[in-house]
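# Quick one: sequence and predicted model below, then my questions.
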Amino acid sequence: MAININPDGLHVFMCASHVIIGDGIAGASAAESIREGDPEAEVTVLTEEGEALYNRILIKEFAKGKLPAAPVSIHDPEWYDERDINLHLDTVVTDVDTDAYEVHTHGGETYEYDKLLVATGGTPTQLPVDNSDAEGVHHFWTFQDARAIKESAADAEKGVVVGAGLLGIDLAAICGAQNVDAHYLMRGESWWRYALSPEGAELIHEAMEDIGVTPVFDSGVDHFETDEESHVTAAVDPNGERFEADFAGVAIGLNFNTEFLRGSGIETDNGIITDEYMRTNVEDVYAAGDITQFHDVILGDRAQNGAWGSAKEQGSIAGQNMVADGPEAEFSWVSSYSITHFDFPFLSFGHPTRGDDSVERKYDDGTWRRVALKNGRVIGGVLIGDLSAQSVLKKLARRQLDVSERTDLLLKQGVDIDAFEERATTE
(Lines give C-alpha, C1' and ligand atoms only; values in the text may rest on other atoms or scores of the structure.)
Protein backbone atom coordinates (compact mmCIF):
# COMPACT_ATOMS: atom_id res chain seq x y z
CA MET A 1 0.00 0.00 0.00
CA ALA A 2 1.52 3.30 -1.12
CA ILE A 3 1.16 6.46 0.95
CA ASN A 4 0.29 9.77 -0.70
CA ILE A 5 0.42 13.13 1.07
CA ASN A 6 -1.57 16.10 -0.17
CA PRO A 7 0.43 19.27 -0.87
CA ASP A 8 -0.97 20.91 2.27
CA GLY A 9 0.59 18.10 4.29
CA LEU A 10 -2.54 17.72 6.33
CA HIS A 11 -4.21 14.80 4.62
CA VAL A 12 -2.60 11.42 4.21
CA PHE A 13 -4.34 8.75 2.17
CA MET A 14 -3.48 5.25 1.08
CA CYS A 15 -3.51 4.05 -2.52
CA ALA A 16 -3.24 0.52 -3.84
CA SER A 17 0.08 -0.77 -5.12
CA HIS A 18 0.02 -3.05 -8.17
CA VAL A 19 3.11 -4.88 -9.43
CA ILE A 20 3.19 -6.49 -12.88
CA ILE A 21 5.98 -8.88 -13.82
CA GLY A 22 6.33 -8.83 -17.59
CA ASP A 23 5.85 -6.12 -20.22
CA GLY A 24 4.47 -8.13 -23.12
CA ILE A 25 1.02 -7.34 -24.44
CA ALA A 26 -0.60 -9.05 -21.42
CA GLY A 27 1.35 -7.05 -18.85
CA ALA A 28 1.04 -3.75 -20.71
CA SER A 29 -2.71 -4.21 -21.22
CA ALA A 30 -3.12 -4.96 -17.52
CA ALA A 31 -1.19 -1.81 -16.59
CA GLU A 32 -3.43 0.26 -18.85
CA SER A 33 -6.60 -1.29 -17.40
CA ILE A 34 -5.42 -0.69 -13.84
CA ARG A 35 -4.62 2.93 -14.58
CA GLU A 36 -8.03 3.45 -16.19
CA GLY A 37 -9.80 1.77 -13.28
CA ASP A 38 -7.84 3.47 -10.51
CA PRO A 39 -6.17 6.78 -11.41
CA GLU A 40 -4.54 6.97 -7.95
CA ALA A 41 -3.04 3.48 -7.86
CA GLU A 42 0.69 2.93 -7.89
CA VAL A 43 1.53 0.74 -10.91
CA THR A 44 4.95 -0.86 -11.36
CA VAL A 45 6.01 -2.97 -14.35
CA LEU A 46 9.15 -5.13 -14.12
CA THR A 47 10.60 -6.72 -17.25
CA GLU A 48 13.76 -8.64 -18.11
CA GLU A 49 13.85 -7.12 -21.57
CA GLY A 50 15.84 -4.02 -22.38
CA GLU A 51 13.08 -2.35 -24.38
CA ALA A 52 9.44 -1.50 -23.84
CA LEU A 53 6.47 -3.25 -25.45
CA TYR A 54 6.78 -4.17 -29.12
CA ASN A 55 4.60 -6.07 -31.56
CA ARG A 56 5.52 -9.75 -31.54
CA ILE A 57 3.34 -10.27 -34.61
CA LEU A 58 5.42 -7.87 -36.70
CA ILE A 59 8.89 -9.06 -35.69
CA LYS A 60 8.63 -11.89 -38.23
CA GLU A 61 8.11 -9.33 -41.01
CA PHE A 62 11.10 -7.40 -39.70
CA ALA A 63 13.23 -10.57 -39.74
CA LYS A 64 12.11 -11.27 -43.31
CA GLY A 65 13.54 -7.89 -44.28
CA LYS A 66 10.11 -6.58 -45.22
CA LEU A 67 9.63 -4.02 -42.46
CA PRO A 68 11.81 -1.38 -40.76
CA ALA A 69 12.22 -1.50 -37.00
CA ALA A 70 10.12 1.57 -36.19
CA PRO A 71 6.60 0.11 -36.68
CA VAL A 72 7.47 -2.89 -34.51
CA SER A 73 7.73 -0.81 -31.35
CA ILE A 74 4.39 -0.04 -29.65
CA HIS A 75 5.26 1.82 -26.46
CA ASP A 76 8.23 4.00 -25.69
CA PRO A 77 9.23 4.96 -22.12
CA GLU A 78 7.26 8.20 -22.45
CA TRP A 79 4.03 6.19 -22.80
CA TYR A 80 4.55 4.85 -19.29
CA ASP A 81 5.59 8.23 -17.93
CA GLU A 82 2.44 9.87 -19.31
CA ARG A 83 0.31 7.32 -17.45
CA ASP A 84 2.36 7.44 -14.27
CA ILE A 85 3.38 3.80 -14.67
CA ASN A 86 6.78 2.87 -13.26
CA LEU A 87 8.62 0.82 -15.88
CA HIS A 88 11.81 -1.01 -14.89
CA LEU A 89 13.72 -2.56 -17.80
CA ASP A 90 16.48 -5.18 -17.48
CA THR A 91 15.00 -6.32 -14.18
CA VAL A 92 15.01 -10.01 -13.30
CA VAL A 93 12.62 -11.17 -10.58
CA THR A 94 14.26 -13.83 -8.43
CA ASP A 95 11.42 -14.73 -6.06
CA VAL A 96 7.96 -13.78 -4.84
CA ASP A 97 7.01 -13.85 -1.16
CA THR A 98 3.23 -14.12 -1.20
CA ASP A 99 3.03 -14.09 2.61
CA ALA A 100 4.85 -10.78 2.86
CA TYR A 101 3.37 -9.46 -0.43
CA GLU A 102 6.84 -8.76 -1.80
CA VAL A 103 8.70 -9.21 -5.08
CA HIS A 104 12.50 -9.49 -5.00
CA THR A 105 14.86 -8.83 -7.92
CA HIS A 106 18.40 -9.78 -8.92
CA GLY A 107 19.58 -6.29 -8.02
CA GLY A 108 18.42 -6.65 -4.42
CA GLU A 109 15.35 -4.46 -4.80
CA THR A 110 12.11 -5.29 -3.00
CA TYR A 111 8.73 -4.22 -4.37
CA GLU A 112 5.71 -4.42 -2.10
CA TYR A 113 2.33 -5.07 -3.66
CA ASP A 114 -1.34 -5.22 -2.81
CA LYS A 115 -2.13 -7.05 -6.06
CA LEU A 116 0.37 -8.91 -8.22
CA LEU A 117 0.16 -9.96 -11.87
CA VAL A 118 2.56 -12.50 -13.37
CA ALA A 119 2.81 -12.19 -17.15
CA THR A 120 6.34 -13.44 -17.80
CA GLY A 121 5.63 -15.66 -20.80
CA GLY A 122 8.30 -18.17 -21.69
CA THR A 123 11.67 -18.74 -23.32
CA PRO A 124 12.22 -20.96 -26.37
CA THR A 125 13.02 -24.59 -25.71
CA GLN A 126 16.48 -25.63 -26.85
CA LEU A 127 16.91 -28.88 -28.74
CA PRO A 128 18.46 -31.50 -26.44
CA VAL A 129 21.11 -32.46 -29.01
CA ASP A 130 24.81 -31.88 -29.48
CA ASN A 131 25.82 -28.39 -30.67
CA SER A 132 22.31 -26.96 -30.31
CA ASP A 133 23.92 -23.85 -28.82
CA ALA A 134 26.26 -23.33 -31.79
CA GLU A 135 26.62 -20.01 -33.56
CA GLY A 136 24.03 -19.75 -36.30
CA VAL A 137 21.38 -21.75 -34.41
CA HIS A 138 18.54 -19.38 -33.62
CA HIS A 139 15.35 -19.34 -31.58
CA PHE A 140 12.60 -16.88 -32.39
CA TRP A 141 10.71 -15.09 -29.64
CA THR A 142 11.96 -11.57 -28.89
CA PHE A 143 12.76 -8.49 -30.94
CA GLN A 144 16.39 -9.12 -30.09
CA ASP A 145 16.04 -12.63 -31.58
CA ALA A 146 14.52 -11.12 -34.72
CA ARG A 147 17.46 -8.77 -35.18
CA ALA A 148 19.95 -11.64 -34.90
CA ILE A 149 17.92 -13.85 -37.25
CA LYS A 150 17.61 -11.13 -39.86
CA GLU A 151 21.36 -10.53 -39.87
CA SER A 152 22.27 -14.23 -39.85
CA ALA A 153 19.80 -15.22 -42.57
CA ALA A 154 20.93 -12.38 -44.81
CA ASP A 155 24.46 -13.86 -44.81
CA ALA A 156 23.39 -17.51 -45.12
CA GLU A 157 23.19 -19.71 -48.18
CA LYS A 158 21.72 -22.92 -46.77
CA GLY A 159 19.48 -23.45 -43.77
CA VAL A 160 17.35 -25.84 -41.78
CA VAL A 161 14.18 -25.20 -39.79
CA VAL A 162 13.00 -27.45 -36.96
CA GLY A 163 9.55 -27.38 -35.35
CA ALA A 164 6.37 -28.06 -37.32
CA GLY A 165 4.19 -25.39 -35.76
CA LEU A 166 3.19 -21.75 -36.11
CA LEU A 167 6.59 -20.33 -35.07
CA GLY A 168 8.44 -22.85 -37.20
CA ILE A 169 6.64 -21.75 -40.33
CA ASP A 170 7.64 -18.15 -39.55
CA LEU A 171 11.27 -19.26 -39.60
CA ALA A 172 10.69 -21.09 -42.88
CA ALA A 173 9.15 -17.94 -44.37
CA ILE A 174 12.14 -15.91 -43.20
CA CYS A 175 14.44 -18.30 -45.05
CA GLY A 176 12.31 -17.95 -48.16
CA ALA A 177 12.28 -14.16 -47.98
CA GLN A 178 16.05 -14.01 -47.39
CA ASN A 179 16.78 -16.43 -50.27
CA VAL A 180 18.15 -19.13 -47.98
CA ASP A 181 17.96 -22.58 -49.56
CA ALA A 182 16.32 -24.35 -46.61
CA HIS A 183 15.02 -27.74 -45.55
CA TYR A 184 12.15 -27.86 -43.06
CA LEU A 185 12.70 -30.94 -40.86
CA MET A 186 9.46 -32.31 -39.36
CA ARG A 187 9.00 -35.29 -37.07
CA GLY A 188 5.62 -36.35 -38.51
CA GLU A 189 4.11 -36.77 -41.91
CA SER A 190 2.91 -33.19 -42.27
CA TRP A 191 3.12 -29.63 -40.94
CA TRP A 192 1.02 -28.91 -37.79
CA ARG A 193 -0.38 -32.41 -37.95
CA TYR A 194 -2.54 -31.99 -34.83
CA ALA A 195 -4.60 -29.24 -36.48
CA LEU A 196 -4.47 -30.14 -40.19
CA SER A 197 -5.15 -33.37 -42.00
CA PRO A 198 -2.62 -34.39 -44.68
CA GLU A 199 -4.94 -32.97 -47.34
CA GLY A 200 -5.02 -29.54 -45.73
CA ALA A 201 -1.32 -29.59 -44.90
CA GLU A 202 -0.46 -30.33 -48.50
CA LEU A 203 -1.50 -26.80 -49.43
CA ILE A 204 1.07 -25.48 -46.97
CA HIS A 205 3.77 -27.88 -48.18
CA GLU A 206 3.31 -26.71 -51.76
CA ALA A 207 3.45 -23.08 -50.67
CA MET A 208 6.72 -23.75 -48.82
CA GLU A 209 8.27 -25.21 -51.94
CA ASP A 210 7.12 -22.18 -53.92
CA ILE A 211 9.27 -19.92 -51.69
CA GLY A 212 12.29 -22.24 -51.80
CA VAL A 213 11.79 -24.27 -48.61
CA THR A 214 11.77 -28.07 -48.91
CA PRO A 215 9.65 -30.02 -46.39
CA VAL A 216 11.29 -33.18 -45.04
CA PHE A 217 8.96 -35.55 -43.17
CA ASP A 218 9.62 -38.17 -40.49
CA SER A 219 12.81 -36.28 -39.75
CA GLY A 220 14.18 -33.95 -37.07
CA VAL A 221 17.66 -33.33 -35.68
CA ASP A 222 19.93 -35.91 -34.08
CA HIS A 223 22.81 -33.45 -33.83
CA PHE A 224 24.32 -30.36 -35.43
CA GLU A 225 27.77 -30.26 -36.98
CA THR A 226 30.02 -27.23 -36.50
CA ASP A 227 33.27 -25.82 -37.87
CA GLU A 228 36.39 -24.86 -35.92
CA GLU A 229 34.77 -21.57 -34.92
CA SER A 230 31.73 -23.37 -33.44
CA HIS A 231 29.44 -22.17 -36.20
CA VAL A 232 26.79 -24.55 -37.45
CA THR A 233 27.58 -26.24 -40.75
CA ALA A 234 24.96 -29.00 -40.97
CA ALA A 235 22.10 -30.81 -39.29
CA VAL A 236 21.99 -34.60 -39.21
CA ASP A 237 18.57 -36.15 -38.73
CA PRO A 238 17.75 -39.39 -36.85
CA ASN A 239 17.78 -41.27 -40.16
CA GLY A 240 21.39 -40.27 -40.75
CA GLU A 241 20.58 -37.83 -43.53
CA ARG A 242 22.80 -34.75 -43.53
CA PHE A 243 21.58 -31.26 -44.46
CA GLU A 244 24.15 -28.54 -44.98
CA ALA A 245 23.26 -25.35 -43.15
CA ASP A 246 24.96 -22.15 -42.06
CA PHE A 247 21.63 -21.01 -40.58
CA ALA A 248 19.30 -23.02 -38.35
CA GLY A 249 15.96 -21.94 -36.89
CA VAL A 250 14.49 -23.94 -34.01
CA ALA A 251 10.92 -23.58 -32.73
CA ILE A 252 9.92 -26.59 -30.66
CA GLY A 253 7.98 -24.88 -27.89
CA LEU A 254 8.43 -22.70 -24.83
CA ASN A 255 9.70 -23.21 -21.32
CA PHE A 256 7.44 -21.11 -19.15
CA ASN A 257 9.16 -18.80 -16.69
CA THR A 258 7.94 -20.07 -13.33
CA GLU A 259 11.21 -20.90 -11.56
CA PHE A 260 11.10 -17.70 -9.51
CA LEU A 261 7.70 -18.77 -8.11
CA ARG A 262 9.08 -21.77 -6.23
CA GLY A 263 8.05 -21.58 -2.62
CA SER A 264 5.40 -18.94 -3.36
CA GLY A 265 2.49 -21.34 -3.12
CA ILE A 266 1.29 -20.36 -6.60
CA GLU A 267 0.07 -23.49 -8.41
CA THR A 268 1.88 -24.28 -11.66
CA ASP A 269 1.65 -27.00 -14.29
CA ASN A 270 3.62 -26.15 -17.43
CA GLY A 271 2.56 -22.58 -16.70
CA ILE A 272 0.46 -20.88 -14.04
CA ILE A 273 -3.01 -22.21 -13.30
CA THR A 274 -5.79 -19.61 -13.20
CA ASP A 275 -9.56 -19.50 -13.21
CA GLU A 276 -11.67 -17.64 -15.77
CA TYR A 277 -11.06 -14.38 -13.88
CA MET A 278 -7.28 -14.78 -14.27
CA ARG A 279 -6.90 -15.41 -10.52
CA THR A 280 -4.34 -17.90 -9.26
CA ASN A 281 -4.90 -20.09 -6.21
CA VAL A 282 -3.11 -17.48 -4.05
CA GLU A 283 -5.13 -14.49 -2.91
CA ASP A 284 -4.32 -11.19 -4.67
CA VAL A 285 -2.12 -12.88 -7.29
CA TYR A 286 -3.18 -12.99 -10.93
CA ALA A 287 -1.60 -14.26 -14.14
CA ALA A 288 -2.13 -13.47 -17.83
CA GLY A 289 -0.76 -14.30 -21.26
CA ASP A 290 0.67 -17.47 -22.74
CA ILE A 291 2.06 -18.52 -19.36
CA THR A 292 -1.46 -19.25 -18.10
CA GLN A 293 -3.23 -22.58 -17.88
CA PHE A 294 -6.62 -20.88 -17.62
CA HIS A 295 -10.14 -22.20 -17.27
CA ASP A 296 -11.66 -21.77 -20.72
CA VAL A 297 -15.41 -21.29 -20.26
CA ILE A 298 -16.01 -22.05 -23.96
CA LEU A 299 -13.96 -25.22 -24.01
CA GLY A 300 -15.14 -26.22 -20.54
CA ASP A 301 -11.62 -27.28 -19.67
CA ARG A 302 -8.19 -25.95 -18.84
CA ALA A 303 -6.42 -24.42 -21.83
CA GLN A 304 -3.32 -22.52 -22.86
CA ASN A 305 -3.19 -19.99 -25.68
CA GLY A 306 -0.29 -17.87 -26.83
CA ALA A 307 -2.13 -15.80 -29.45
CA TRP A 308 -1.60 -12.04 -29.29
CA GLY A 309 -5.30 -11.20 -29.02
CA SER A 310 -5.85 -13.74 -26.26
CA ALA A 311 -2.91 -12.42 -24.22
CA LYS A 312 -4.09 -8.84 -24.65
CA GLU A 313 -7.61 -9.70 -23.49
CA GLN A 314 -6.34 -11.73 -20.54
CA GLY A 315 -4.18 -8.82 -19.43
CA SER A 316 -7.09 -6.43 -19.73
CA ILE A 317 -9.39 -8.76 -17.75
CA ALA A 318 -6.76 -9.27 -15.05
CA GLY A 319 -6.20 -5.54 -14.74
CA GLN A 320 -9.90 -4.85 -14.45
CA ASN A 321 -10.30 -7.47 -11.76
CA MET A 322 -7.30 -6.25 -9.78
CA VAL A 323 -9.07 -2.93 -9.19
CA ALA A 324 -12.69 -4.16 -9.25
CA ASP A 325 -15.04 -3.28 -6.40
CA GLY A 326 -18.00 -5.19 -7.85
CA PRO A 327 -18.49 -8.28 -10.02
CA GLU A 328 -15.35 -9.54 -11.72
CA ALA A 329 -14.91 -9.67 -15.49
CA GLU A 330 -14.75 -13.13 -17.06
CA PHE A 331 -12.29 -14.15 -19.75
CA SER A 332 -14.33 -15.61 -22.61
CA TRP A 333 -12.45 -15.41 -25.86
CA VAL A 334 -12.12 -17.20 -29.19
CA SER A 335 -8.58 -16.49 -30.34
CA SER A 336 -7.38 -16.37 -33.91
CA TYR A 337 -3.98 -16.61 -35.58
CA SER A 338 -3.28 -15.70 -39.18
CA ILE A 339 -0.37 -16.49 -41.49
CA THR A 340 0.43 -14.04 -44.24
CA HIS A 341 3.54 -15.61 -45.74
CA PHE A 342 1.93 -17.08 -48.84
CA ASP A 343 -0.26 -16.06 -51.77
CA PHE A 344 -3.37 -17.28 -49.94
CA PRO A 345 -4.76 -16.36 -46.51
CA PHE A 346 -4.56 -18.76 -43.58
CA LEU A 347 -6.39 -18.47 -40.27
CA SER A 348 -6.80 -20.72 -37.26
CA PHE A 349 -9.22 -19.98 -34.44
CA GLY A 350 -10.07 -21.35 -31.02
CA HIS A 351 -8.55 -24.73 -30.22
CA PRO A 352 -8.06 -26.51 -33.57
CA THR A 353 -5.80 -29.20 -32.07
CA ARG A 354 -8.39 -30.35 -29.52
CA GLY A 355 -11.82 -31.94 -29.55
CA ASP A 356 -13.40 -35.34 -30.06
CA ASP A 357 -14.57 -34.90 -33.66
CA SER A 358 -14.04 -32.74 -36.73
CA VAL A 359 -15.36 -32.06 -40.22
CA GLU A 360 -13.36 -30.83 -43.18
CA ARG A 361 -13.60 -30.09 -46.86
CA LYS A 362 -11.32 -29.15 -49.73
CA TYR A 363 -13.14 -26.79 -52.08
CA ASP A 364 -10.47 -26.34 -54.73
CA ASP A 365 -6.69 -26.39 -55.09
CA GLY A 366 -6.28 -23.39 -52.78
CA THR A 367 -9.26 -23.55 -50.43
CA TRP A 368 -9.74 -25.86 -47.43
CA ARG A 369 -11.60 -25.80 -44.13
CA ARG A 370 -11.58 -27.90 -40.99
CA VAL A 371 -13.79 -27.38 -37.93
CA ALA A 372 -12.95 -29.04 -34.61
CA LEU A 373 -15.81 -30.15 -32.33
CA LYS A 374 -16.21 -31.18 -28.72
CA ASN A 375 -19.48 -32.59 -27.39
CA GLY A 376 -21.20 -31.40 -30.55
CA ARG A 377 -19.99 -27.81 -30.21
CA VAL A 378 -17.50 -25.81 -32.27
CA ILE A 379 -14.24 -25.23 -30.40
CA GLY A 380 -11.84 -24.27 -33.18
CA GLY A 381 -10.80 -24.68 -36.76
CA VAL A 382 -8.54 -23.79 -39.66
CA LEU A 383 -9.46 -21.92 -42.83
CA ILE A 384 -7.19 -21.75 -45.89
CA GLY A 385 -7.92 -19.65 -48.94
CA ASP A 386 -11.41 -18.44 -48.02
CA LEU A 387 -11.79 -16.83 -44.58
CA SER A 388 -15.36 -15.58 -45.03
CA ALA A 389 -16.80 -18.16 -42.60
CA GLN A 390 -14.56 -17.16 -39.69
CA SER A 391 -17.00 -14.72 -38.10
CA VAL A 392 -19.91 -17.17 -37.99
CA LEU A 393 -17.75 -20.07 -36.82
CA LYS A 394 -16.30 -17.98 -33.99
CA LYS A 395 -19.82 -16.91 -32.98
CA LEU A 396 -20.88 -20.55 -32.86
CA ALA A 397 -17.94 -21.27 -30.57
CA ARG A 398 -18.70 -18.31 -28.29
CA ARG A 399 -22.41 -19.17 -28.03
CA GLN A 400 -21.64 -22.89 -27.53
CA LEU A 401 -24.50 -23.93 -29.79
CA ASP A 402 -25.07 -27.62 -30.38
CA VAL A 403 -24.28 -28.29 -34.05
CA SER A 404 -24.08 -32.08 -33.83
CA GLU A 405 -27.10 -32.65 -36.07
CA ARG A 406 -26.08 -30.13 -38.72
CA THR A 407 -22.30 -30.45 -39.07
CA ASP A 408 -22.70 -30.42 -42.86
CA LEU A 409 -23.71 -26.75 -42.62
CA LEU A 410 -20.34 -25.91 -41.07
CA LEU A 411 -18.70 -26.63 -44.41
CA LYS A 412 -20.99 -24.54 -46.58
CA GLN A 413 -19.12 -21.63 -48.14
CA GLY A 414 -21.79 -19.34 -46.74
CA VAL A 415 -22.36 -20.56 -43.18
CA ASP A 416 -25.68 -19.28 -41.79
CA ILE A 417 -25.77 -19.00 -38.02
CA ASP A 418 -29.57 -18.62 -38.07
CA ALA A 419 -29.99 -22.28 -38.95
CA PHE A 420 -28.22 -23.32 -35.76
CA GLU A 421 -29.92 -20.71 -33.58
CA GLU A 422 -33.37 -21.74 -34.82
CA ARG A 423 -32.67 -25.34 -33.85
CA ALA A 424 -31.45 -24.25 -30.41
CA THR A 425 -34.61 -22.19 -29.90
CA THR A 426 -36.97 -25.06 -30.74
CA GLU A 427 -35.29 -27.53 -28.40
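On my side now, so go ahead.

# number of nearby residues for residue 14?
As a burial measure, residue 14 scores 11 neighbours (other Cβ atoms under 10 Å). Any C-beta I mention is one placed from the backbone N, CA and C, and that applies to glycine too.

# for the record, mean pLDDT for the helix or strand that it is a member of?
Taking DSSP states H and E as the criterion, the element that holds residue 14 is strand 12-15. The average pLDDT within strand 12-15 is 63.

# Quick check: what element follows that strand along the chain?
With elements assigned by DSSP H and E, the helix or strand that comes after strand 12-15 is strand 17-21.

# Which secondary structure elements does that next one sit against?
Counting contacts by 3 or more Cβ pairs under 8 Å, 6 or more residues apart in numbering; DSSP states H and E, strand 17-21 packs against helix 25-37, strand 42-46, strand 110-112, strand 115-118.

# rerun that using 6 Å as the cut-off
For strand 17-21, the packing partners by 3 or more Cβ pairs under 6 Å, 6 or more residues apart in numbering; DSSP states H and E come out as helix 25-37, strand 42-46, strand 115-118.

# What are the buried residues along the shortest one?
Of the residues in strand 115-118, 115, 116, 117, 118 count as buried by neighbour count, 16 or more other Cβ atoms under 10 Å.

# One more: stretch 291-306?
So, applying 16+ other Cβ under 10 Å, buried residues of stretch 291-306: 291-299, 303-306.

# Endpoints of that stretch, how far apart?
From the first residue to the last, stretch 291-306 extends over 8 Å; the measure is Cα to Cα, to the nearest Å.

# How about stretch 277-294?
Across stretch 277-294, the straight-line distance between its terminal residues is 9 Å, by Cα to Cα.

# What are the contacting residues of it?
Identification of contacts with stretch 277-294 by Cβ atoms under 6 Å, 6 or more residues apart in numbering yields 24, 26, 98, 115-121, 256, 265-267, 269, 271-274, 302, 304, 306, 311, 314-315, 317-318, 321, 328.

# Narrow those to just the buried residues.
Buried members of the contacts of stretch 277-294, counted by 16+ other Cβ under 10 Å: 24, 26, 98, 115-121, 256, 266, 271-274, 304, 306, 311, 314-315, 317-318, 321.

# Outline the domain layout of the chain.
If the domains of the chain are taken from automatic domain parsing, they occupy 2-123+254-322, 126-250, 344-426, with pieces of a single domain joined by a plus sign.

# got CSV for those domains, with distance to residue 335 too?
Shown next, in CSV, are the domains of the chain (distance: least, Cβ to Cβ, whole Å):
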stretch, distance to residue 335
domain 2-123+254-322, 4
domain 126-250, 12
domain 344-426, 7
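
# closest one to residue 332 among those?
The stretch from the domains of the chain with the least distance to residue 332 (Cβ to Cβ) is domain 2-123+254-322; that distance is 5.1 Å.
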